[in-house]
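Participant: Got a predicted structure here, sequence first:
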Amino acid sequence: MEVSQQQKQGESKEYSVLLFQSYQPAEDLGRAFSDRSILQTFIDVEATVPNVLATLRTLYALSCLEEVVAFLRYGYLSIDNVAAIRKEVSRLYRELRPHALALIISFK
């Protein structure tokens, strides 16, 4: 039974997560750990390169939040939060557009 279904039956969020016996929590935690590691690398390198990397880091972090359904499933993000994240991601894409070619060349 999904966490949201348990919560609808009156169970607490913590108890519902504990009852959710499948691979999903382990997969979600693994993804969160790798996303955090990538973000930490961005932060460590950011001090040595131009400001565009900070924008890329923010875009990456928000994209991770936007893609991971677990944040909605466990109630940490609302539909309104996801809409605000999508709007900010679009804004960041527009901000990065002038730097796109330079960024692509930098990966060669």
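Facilitator: Arrived safely.
Participant: quick one, helices of this structure?
Facilitator: In chain order, the chain shows helices spanning 3-8, 13-19, 24-46, 52-67, 70-73, 79-96, 100-106, with DSSP state H as the criterion.
Participant: Those helices into a markdown table, with extra columns for mean neighbour count and mean pLDDT?
Facilitator: All C-beta spots, glycine's among them, are computed from the backbone N, C-alpha and C. Below are the helices of the chain laid out as a markdown table (neighbours: other CB atoms under 10 Å; pLDDT from 0 to 100):
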| stretch | mean neighbour count | mean pLDDT |
| --- | --- | --- |
| helix 3-8 | 15 | 70 |
| helix 13-19 | 14 | 69 |
| helix 24-46 | 13 | 80 |
| helix 52-67 | 16 | 87 |
| helix 70-73 | 16 | 79 |
| helix 79-96 | 13 | 92 |
| helix 100-106 | 10 | 80 |
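Participant: Residue 70 touches residue 24, doesn't it?
Facilitator: Yes - counting by CB atoms under 8 Å, residue 70 touches residue 24, with 7.5 Å between them.
Participant: overlap in contacts of the two?
Facilitator: Contact with both residue 70 and residue 24 is made by no residue, according to CB atoms under 8 Å, 6 or more residues apart in numbering.
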